[in-house]
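**Q** got a predicted model here, sequence first, then my questions.
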2 protein chains.
Amino acid sequence: MDAPATLSHTTLLDRLAEVAVHIGLGGLKPGQQLVMTAPLEALALTRRITEHAYRAGASLVTTLFSDDAAALLRHQHASDTAFDTAAGWLYDGLAVAYRDGAARLAIVGDDPHLLAGQDEAKVSRANRARSLAYRPALELITTSAINWTIVACATPAWARAMFPALPEEAAVAKLWDAIFAASRVTVDDPIEAWRAHNATLMTRRNMMNAKRYAALRYRGPGTDLRVGLADEHRWMGGLTTAGNGMTGNPNIPTEEVFTTPHCQRTDGVVASTKPLSYQGTLIEGIAVRFEAGAIVDAGARTGQAVLERMIGTDEGARRLGEVALVPAASPIAQSGLLFLNTLFDENAASHIALGQSYSKCFTDGGATGREALIARGANTSLIHVDWMIGSEHVDVDGITQEGNAEPLMRQGAWV
Amino acid sequence: MDAPATLSHTTLLDRLAEVAVHIGLGGLKPGQQLVMTAPLEALALTRRITEHAYRAGASLVTTLFSDDAAALLRHQHASDTAFDTAAGWLYDGLAVAYRDGAARLAIVGDDPHLLAGQDEAKVSRANRARSLAYRPALELITTSAINWTIVACATPAWARAMFPALPEEAAVAKLWDAIFAASRVTVDDPIEAWRAHNATLMTRRNMMNAKRYAALRYRGPGTDLRVGLADEHRWMGGLTTAGNGMTGNPNIPTEEVFTTPHCQRTDGVVASTKPLSYQGTLIEGIAVRFEAGAIVDAGARTGQAVLERMIGTDEGARRLGEVALVPAASPIAQSGLLFLNTLFDENAASHIALGQSYSKCFTDGGATGREALIARGANTSLIHVDWMIGSEHVDVDGITQEGNAEPLMRQGAWV
């Protein structure tokens, strides 16, 4: 049903905007504000989204544009003492907006190599300061207090990083093709395609929730890992109903079903199946060993120092906060592309994430509060980094409460 | 000493950025944050300013870009109920930033005709909602709690409005020439030129403050106006020392000395000497009559409805909040251009402003608080609209406390 050749870029961009507003956010409440963040290069997409948002009932769309060049100028010219500062006033303002009911739409198109070559300690301090400042606002997003979504925009820097051998214009066009296809806007009826896709994800979620497995077990090259699931965990994926009653897809695209592992019950060894792009560095060939939930031994073929700094961020950074199942037949996996961006790469393979867990991945949606969630195995951290461990060479079993293994995925496909 | 032909656009842009940071803001405190607002078209200038700010000691520069097209989409597609909403969360965040010590830099380049043709009632409601939301942050600026400045950027829409007969590229180049010249960055040593200019403005300020006039009297074609000055008024102009101890020029360019009139002591008739651009409408040939400080009769050759709506905003909108003296020989007046932008046009002629007055224009800098300032004649309003009444045909006298007239300006020039 794909027909990209017959659709203009303008049409596809408008369809992506429509999907972002009507599928991603699940529409807008009458008079709801929308806060959008976007790289400057996403200007055309922000305007299409802005129009769809106003037509859908938004009272005010506020877009905060980011400029990679300005971020780089800070690392090049600011004094050493500058890097523990963050725009707390802005992040607190965002938290107020979300508490007052604003929806949130992020357009991503990050240059994976932007800060490569900059002082790693400064990069790390700046990230830490920003994470701390962003925490109150981010919590309203991760707990789905409001409807929110993330979509992607092809930027020249991202496209160059993905396709270094192509001229820039061709690289950007190729990345747009990949984004449009993965975001299901090249088919005849994108809105209907998303409804069908969400129904498939719902079937898998319901199956996993009915099983109530105690753990998952992964076996493959370099991998023999048992991931204990949190008590009272709930599988999510596809549609989320936010605290404000709006139902949408927080990620465009999305192929995963996911839940919260128990942060003290992961044991064994695991090898990454795709490179991880973290803060401008490509970490390849990761191999780590878990004991009682914590990484006790970590190696990587490239980027080991960055990996070690990442898992050293705080105690929760060496424990799991998410486990997700994605078939190797997912459209993104089939594209064969490494996007160097979590929004896409995490949908190309089953993965785990180090760091902060999602409170909504519990049977009560996290309503019992932080203390109760921690008692059930939830993790807390300043980071949340997804990391691909699935492939057509990795098998996954569900381990029942009685200790029996049931096949879930074979050669990367759902059984 | 002007030598624009020998300097590249890049050099002039960098000089404007240097003047903005080192003259406009008076530099930055070590570790001070800077909040910048800018139209998207000012991207290149924001980057030059960002670099100068980091070199000058800023810990973090946050730029909030505005997109005229998005503003227009709201008027075209949002429901009628949307227009009483403002981004209070963002304006409150700005107030927090300023209270915590951030400096403020605004780049203006507004399309004077952006909202022309849109529903005037919606434009007015949106402006009112924004003004109310912005008030706490704006008060920290108008009271100079922090160092702040405004500079200009030539945008295509602004240039087209100023030079409708020229091709866009030529219009933008011509506007840049005018901005660079008026901002004193085309001379050999812009920083030194600003020091000399500020010394001249200081001499005029000191003279006016020593005189302690009770009123000013304007006489010219269609004008016979007596503007009573506020009790304990103070003349300002050029350099301002902010509450945080930083000394800079809040406007780049600036040619005026100004103070606060008594909002109940203006009487007589006055005719505008230049068109006023307000909310996308050009109001020309304004003629009004004041009685006991309030406009009791207002006419305009064009834009009368907009003028009437403006002075109907609130009680303070029909009373004066500022009076400023500018010689007709100012470089901006000599350029012969109508910029359709207050930052420039107010520096081409002596002017008055309807609406909110500046608390810093009192001998104690406003330290005694709002009630005391109102008792001295200060005005309060949601608007502050400058309006040109000076020219080479208008004479200005100072009226002493004893009632004697002393010549201040003859044929638009300082006596």
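**A** Done, it's in. Predicted model, so just to flag it, every value in this text is computed and none were measured.
**Q** and the residue in the stretch 251-400 of chain A positioned nearest to chain B, how many residues sit next to it?
**A** Chain B sits closest to A:Gln279 of the stretch 251-400 of chain A, with a gap of 18.1 Å, by Cβ to the nearest Cβ. All C-beta spots, glycine's among them, are computed from the backbone N, C-alpha and C. By the criterion of other Cβ atoms under 10 Å in any protein chain shown, A:Gln279 has 20 neighbours.
**Q** list the contacts for it?
**A** A:115, A:123-124, A:127, A:306, A:310 (Cβ atoms under 8 Å, 6 or more residues apart in numbering or on different chains).
**Q** could you rerun that using 6 Å?
**A** Contact analysis of A:Gln279 by Cβ atoms under 6 Å, 6 or more residues apart in numbering or on different chains lists A:Val123.
**Q** please apply the same query to A:Ala42.
**A** So A:Ala42 contacts A:107, A:109, A:153 (Cβ under 6 Å, 6+ apart).
**Q** so which of those belong to strands?
**A** Judged by DSSP state E, strands contain the following of those: A:Ile107.
**Q** show me what from chain A comes close to chain B.
**A** Counting by Cβ under 6 Å from any Cβ of the partner chain, chain A comes close to chain B at A:47, A:50-51, A:54-55, A:59-60, A:62, A:65, A:69-70, A:73-74, A:77-78, A:82, A:85, A:87, A:89-90, A:93, A:96-97.
**Q** confirm for me that A:Ala161 is in contact with A:Asp110.
**A** No. Taking contacts as Cβ atoms under 6 Å, A:Ala161 lies outside contact range of A:Asp110: 9.3 Å.
**Q** now stretch A:265-280 - C-alpha only, PDB.
**A** What follows is stretch A:265-280, C-alpha atoms only, in PDB (Å, rounded to 0.1, in the frame of the first residue of the first chain):
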ATOM      1  CA  ARG A 265      16.400  -8.900  39.800                       C
ATOM      2  CA  THR A 266      18.400  -8.800  36.600                       C
ATOM      3  CA  ASP A 267      21.300 -11.300  36.300                       C
ATOM      4  CA  GLY A 268      23.600 -12.600  33.600                       C
ATOM      5  CA  VAL A 269      25.400 -11.300  30.600                       C
ATOM      6  CA  VAL A 270      24.100  -9.300  27.600                       C
ATOM      7  CA  ALA A 271      25.600  -8.000  24.400                       C
ATOM      8  CA  SER A 272      24.300  -5.000  22.400                       C
ATOM      9  CA  THR A 273      23.000  -5.800  18.900                       C
ATOM     10  CA  LYS A 274      23.200  -2.300  17.600                       C
ATOM     11  CA  PRO A 275      25.400   0.700  18.300                       C
ATOM     12  CA  LEU A 276      24.200   3.200  21.000                       C
ATOM     13  CA  SER A 277      24.500   6.900  20.200                       C
ATOM     14  CA  TYR A 278      24.900   8.700  23.500                       C
ATOM     15  CA  GLN A 279      25.900  12.400  23.900                       C
ATOM     16  CA  GLY A 280      27.600  12.500  20.500                       C
END
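**Q** and that stretch, what's buried?
**A** A:265-268, A:270-280 (16 or more other Cβ atoms under 10 Å in any protein chain shown).
**Q** please name the nearest non-neighbouring residue to A:Met409.
**A** Nearest residue to A:Met409, sequence neighbours excluded (Cβ to Cβ, 6 or more residues apart in numbering or on different chains): A:Val396, at 4.1 Å.
**Q** no wait, A:Leu72
**A** Spatial nearest neighbour of A:Leu72, excluding adjacent residues (Cβ to Cβ, 6+ apart): A:Leu114 at 6.6 Å.
**Q** state the pLDDT value of the one you found.
**A** Model confidence at A:Leu114, expressed as pLDDT, equals 90.
**Q** quick check: it is in a helix.
**A** No. Checked against DSSP: H, G, I helix; E, B strand; the rest coil, A:Leu114 lies outside a helix; its state is coil.
**Q** pretty sure it sits against A:Ser66.
**A** No. If you go by Cβ under 6 Å, A:Leu114 and A:Ser66 don't touch, sitting 10.6 Å apart.
**Q** still on that earlier bit, for the helix or strand the residue nearest to A:Met409 falls within, buried residues please.
**A** Counting by DSSP states H and E, the element that carries A:Val396 is strand A:395-399. Within strand A:395-399, the residues scored as buried using 16+ other Cβ under 10 Å are A:395-399.
**Q** in TSV: those, plus distance to B:Pro331 and pLDDT.
**A** Putting the buried residues of strand A:395-399 into TSV (distance: Cβ to Cβ, whole Å; pLDDT from 0 to 100) gives the following:
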residue	distance to B:Pro331	pLDDT
A:Asp395	78	96
A:Val396	74	97
A:Asp397	80	97
A:Gly398	78	97
A:Ile399	80	98
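**Q** ends of stretch A:374-390, what's the gap?
**A** With Cα to Cα, to the nearest Å as the measure, stretch A:374-390 spans 27 Å from end to end.
**Q** tell me the contacts of the closest residue to chain B within chain A?
**A** Residue of chain A nearest chain B, by Cβ to the nearest Cβ: A:Gly93 (2.8 Å). Neighbouring residues of A:Gly93 by Cβ under 6 Å, 6+ apart: B:89-90, B:93.
**Q** if you set the cut-off to 10 Å instead, what comes out?
**A** With contact set as Cβ atoms under 10 Å, 6 or more residues apart in numbering or on different chains, A:Gly93 has these partners: A:35, A:64, A:87, A:137, B:87-97.
**Q** looking at the closest residue to it other than its chain neighbours now. What's its pLDDT?
**A** Nearest non-adjacent residue to A:Gly93, counting by Cβ to Cβ, 6+ apart: B:Gly93, 2.8 Å away. We have a pLDDT of 98 for B:Gly93.
**Q** three-state assignment of B:Gly93?
**A** Under the three-state scheme (three-state DSSP), B:Gly93 adopts helix.
**Q** for the strand ranked longest in chain A, give the mean pLDDT please.
**A** Looking across chain A with DSSP E, the single longest strand is strand A:261-271. Averaged across strand A:261-271, the pLDDT comes to 98.
**Q** and after that strand, which helix or strand comes next?
**A** Under the assignment DSSP H and E, the closest C-terminal helix or strand after strand A:261-271 is strand A:276-278.
**Q** and that following strand, average pLDDT?
**A** Mean pLDDT, strand A:276-278: 87.
**Q** partners of that strand, with directions?
**A** The pairing partners recorded for strand A:276-278 under DSSP bridges are strand A:281-283 (antiparallel).
**Q** what distance separates the partner strand from the middle of the whole chain?
**A** Distance of strand A:281-283 from the chain centroid (Cα atoms, centre = their mean, to the nearest Å) equals 17 Å.
**Q** tell me which helix or strand comes right after it.
**A** Next element after strand A:281-283 (DSSP H and E): strand A:287-291.
**Q** what residues of that following strand count as buried?
**A** Neighbour counts over strand A:287-291 (16+ other Cβ under 10 Å) mark A:288, A:290 as buried.
**Q** and stretch A:384-396, by the same measure?
**A** Across stretch A:384-396, burial judged by 16+ other Cβ under 10 Å covers A:384-392, A:394-396.
**Q** what's the end-to-end length of it?
**A** In stretch A:384-396, first residue to last residue: 23 Å (Cα to Cα).
**Q** what's the answer for stretch A:364-372, then?
**A** End-to-end distance for stretch A:364-372, by Cα to Cα: 11 Å.
**Q** report the mean per-residue pLDDT for it.
**A** 83.
**Q** which outside residues touch it?
**A** By Cβ under 10 Å, 6+ apart, the list of residues contacting stretch A:364-372 reads A:139, A:142-144, A:231-232, A:234, A:236, A:240-241, A:243, A:260, A:357-360, A:362, A:373, A:375-376, A:378, A:380.
**Q** just the buried residues of these.
**A** With burial judged by 16+ other Cβ under 10 Å, the buried subset of the contacts of stretch A:364-372 is A:142-144, A:231-232, A:234, A:236, A:240, A:243, A:260, A:357-360, A:362, A:373, A:376, A:378, A:380.
**Q** what segments of the stretch 1-150 of chain A are helices?
**A** Here the stretch 1-150 of chain A has its helices, by DSSP state H, counting those that start in this stretch, at A:9-19, A:43-55, A:68-77, A:88-99, A:120-142.
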